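Student: Give me the fold of what follows.
(2 chains)
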Amino acid sequence: AQRVTQPEKLLSVFKGAPVELKCNYSYSGSPELFWYVQYSRQRLQLLLRHISRESIKGFTADLNKGETSFHLKKPFAQEEDSAMYYCALGTHSGTYKYIFGTGTRLKVLA
Amino acid sequence: ETGVTQSPTHLIKTRGQQVTLRCSSQSGHNTVSWYQQALGQGPQFIFQYYREEENGRGNFPPRFSGLQFPNYSSELNVNALELDDSALYLCASSRDGIQPLHFGNGTRLTVT
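Tutor: Down below sits the predicted model:
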């Protein structure tokens, strides 16, 4: 079965603390993984894609095929990081589509 | 570069009615996908349109249908509305169906 699991609905951290948002996936093919972020009153926007292996706004995510995980990390959280974060799995079954996790709300406390 | 735009932003309908939601794709994008996001859930894939044809469908009944026009804009139609259809409907566009997807702000549909 194709599935994305984000175990935490809410994650609260203090400003300056490290952040790790967990994402696990289930997929029999070669996975393409993304993190999308939704700031308050804004649209869902792409934050990271695993094939780019880049750091955006200080966030990084490494694909671990052995653990089927794609956790999002940032060493020092900022208040402006407070948002809803969705992990998504891109699948090719005739049509390219995303399977999303249920999302994690990150609250960075002053 | 014009982003994905959706209309209307909010809509209230009664059970049994029909609704049409509209989406204009980002400039240069020819593929439109529709997602349903229920409260507290992640978006779920409804279907995708490419070159004016449905090009894949998720686990949604036939009363969910769509169209894509020559200018790549799209409509989502839902017939015989049910209370469970209350959700945020997201449109996303891409070029040739290749990721990543670019999302609109969504249409919030409430069925009473």
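Student: hey, where'd the strands end up in chain B?
Tutor: B:5-7, B:10-13, B:19-24, B:31-37, B:44-50, B:53-57, B:64-68, B:74-78, B:87-95, B:98-103, B:107-111 (DSSP state E).
Student: Just want the angle from the third one to strand B:31-37.
Tutor: The one in question is strand B:19-24. 130 degrees (axes from the mean of the first three to the mean of the last three CA atoms, to 10 degrees).
Student: so how far is strand B:19-24 off the chain centroid?
Tutor: Averaged C-alpha coordinates place strand B:19-24 at 7 Å from its chain's average position (CA atoms, centre = their mean, to the nearest Å).
Student: From chain B, how far off is residue A:51?
Tutor: Counting by CB to the nearest CB, to the nearest Å, the gap from residue A:51 to chain B is 9 Å. Any C-beta I mention is one placed from the backbone N, CA and C, and that applies to glycine too.
Student: That residue: what's it in contact with?
Tutor: residue A:32 (CB atoms under 8 Å, 6 or more residues apart in numbering or on different chains).
Student: how about it, phi and psi?
Tutor: The phi/psi pair for residue A:51 (degrees, to the nearest 10) reads phi -70, psi -20.
Student: what's the spacing between it and residue B:58?
Tutor: 24 Å (CB to CB, to the nearest Å).
Student: what residues are up against the nearest residue to residue B:89 once chain neighbours are set aside?
Tutor: Spatial nearest neighbour of residue B:89, chain neighbours left out: residue B:107 (4.8 Å); criterion: CB to CB, 6 or more residues apart in numbering or on different chains. Going by CB under 8 Å, 6+ apart, residue B:107 touches B:6-11, B:21, B:88-89.
Student: Relative to its centre, which residue of chain A is most distant?
Tutor: Distance to the chain centre peaks in chain A at residue A:94, reaching 24.7 Å (criterion: CA atoms, centre = their mean).
Student: per-residue confidence at the closest residue to that one other than its chain neighbours?
Tutor: Leaving aside its sequence neighbours, residue A:94 sits nearest to residue B:56 (CB to CB, 6+ apart; 5.7 Å). On pLDDT, residue B:56 comes in at 89.
Student: Isn't residue B:56 up against residue A:98?
Tutor: No: using CB atoms under 8 Å, residue B:56 is not in contact with residue A:98; the gap is 11.7 Å.
Student: any common contacting residues for these two?
Tutor: residue B:45.
Student: how many neighbours does residue 28 have?
Tutor: Defaulting to chain A. Per other CB atoms under 10 Å in any protein chain shown, the neighbour tally for residue A:28 reads 8.
Student: you looked at the wrong chain, it should be chain B
Tutor: 11.
Student: Look up how far chain A lies from it.
Tutor: Taking CB to the nearest CB, one finds residue B:28 at 16 Å from chain A.
Student: Okay, that residue and residue A:75: tell me how far apart.
Tutor: 36 Å.
Student: before we move on, what about residue B:41?
Tutor: Counting by CB to CB, the gap from residue B:41 to residue A:75 is 30 Å.
Student: Between the two, which is the more surrounded one?
Tutor: residue B:41 (14 against 11).
Student: Leaving out the residues flanking it, which one is nearest to the more buried one?
Tutor: Residue B:41 sits nearest to residue A:102 (CB to CB, 6+ apart), 5.7 Å away.
Student: the longest strand in chain A is where?
Tutor: strand A:83-93.
Student: and it with strand B:44-50, angle?
Tutor: Going by the same axes, to 10 degrees, strand A:83-93 makes 60 degrees with strand B:44-50.
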